[in-house]
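> just a sequence and a predicted model for now, questions to come.
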Amino acid sequence: MTSLKTRATTPGTPPTAPRLRARPLGRDTGTQPVGVVLPAALDAFHTLNRPRYDAYARAHLEPEAAQAAVRTAFGLLAANWNYVIAQLSPAAIAWDQLVACTQSRTHPLPDIDADTPLQYDSLVLHRLGHDHDTIAEATGRAPSTVRYLIAPHALRAHQLLAGR
């Protein structure tokens, strides 16, 4: 698991957003507050995925921390939206950002037996009541891959070579 700071310098990942300072509320600056208008595609993406992101984050974090993680993930997506939508799978980039913000790779749920990070995420979302198509849409992966990952398996991958 790489930190967000490390991820930001890795090729193929969005740059970190600049830190902006907010003016204190209640201070009379003589100007009107600035409203932010999100691009329609980001607004639609947020509306579609926020419930799934919230559920995943709440499975790993306390309620306040989960809300903060999801807000941070969407904030980073908004700050890097042009980069995100230029990628082959914007949903996969967004999902990876959520995973980084929740730190679910470093603090996984103990009762999820998975061989890969995507299988872990798929099993968590499946346990939360999502079907393979919804999981694939949320994670930006192929539905057939997700269907395979959430299917019950008689042997885990690490058990296949145990006899050698």
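Okay, I see it.
> please count neighbours and contacts with C-alpha atoms only from this point.
Fine.
> what helix or strand is Tyr113 on?
Residue 113: Asp, not Tyr. Per DSSP states H and E: Asp113 is located in neither a helix nor a strand.
> what of Ile93?
With DSSP H and E as criterion, Ile93 is part of helix 90-102.
> can you list the residues that contact the very next helix or strand once past that helix?
As assigned by DSSP H and E, the chain's next helix or strand after helix 90-102 is helix 117-127. With C-alpha atoms under 8 Å, 6 or more residues apart in numbering as the test, helix 117-127 has contacts from 52, 56, 105, 112-114, 132, 135, 146, 149-150.
> roughly how far does the residue nearest the centre of the chain sit from Ala114?
Centroid-nearest residue in the chain, with C-alpha atoms, centre = their mean: Leu98, separated by 2.3 Å. Separation of Leu98 from Ala114 (C-alpha to C-alpha, to the nearest Å): 19 Å.
> pull the helix ranked longest in the chain out as PDB, backbone CA atoms only.
The helix of greatest length in the chain, counted in residues with DSSP state H as the criterion, is given as helix 40-60. Output of helix 40-60 as PDB, limited to C-alpha atoms (Å, rounded to 0.1, in the frame of the first residue of the first chain):
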ATOM      1  CA  ALA A  40     -22.100  17.500 -15.000                       C
ATOM      2  CA  ALA A  41     -20.200  14.200 -15.500                       C
ATOM      3  CA  LEU A  42     -18.600  14.500 -12.000                       C
ATOM      4  CA  ASP A  43     -21.900  15.400 -10.400                       C
ATOM      5  CA  ALA A  44     -23.500  12.300 -12.100                       C
ATOM      6  CA  PHE A  45     -20.600  10.100 -11.000                       C
ATOM      7  CA  HIS A  46     -20.900  11.400  -7.500                       C
ATOM      8  CA  THR A  47     -24.700  10.800  -7.400                       C
ATOM      9  CA  LEU A  48     -24.300   7.200  -8.800                       C
ATOM     10  CA  ASN A  49     -21.400   6.100  -6.600                       C
ATOM     11  CA  ARG A  50     -21.700   8.000  -3.300                       C
ATOM     12  CA  PRO A  51     -23.900   5.300  -1.700                       C
ATOM     13  CA  ARG A  52     -21.500   2.500  -2.600                       C
ATOM     14  CA  TYR A  53     -18.500   4.500  -1.500                       C
ATOM     15  CA  ASP A  54     -20.200   5.400   1.800                       C
ATOM     16  CA  ALA A  55     -21.100   1.700   2.500                       C
ATOM     17  CA  TYR A  56     -17.500   0.500   1.700                       C
ATOM     18  CA  ALA A  57     -16.000   3.200   3.900                       C
ATOM     19  CA  ARG A  58     -18.400   2.500   6.800                       C
ATOM     20  CA  ALA A  59     -17.400  -1.200   6.600                       C
ATOM     21  CA  HIS A  60     -13.800  -0.100   7.400                       C
END
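> fine, thanks again, bye for now.
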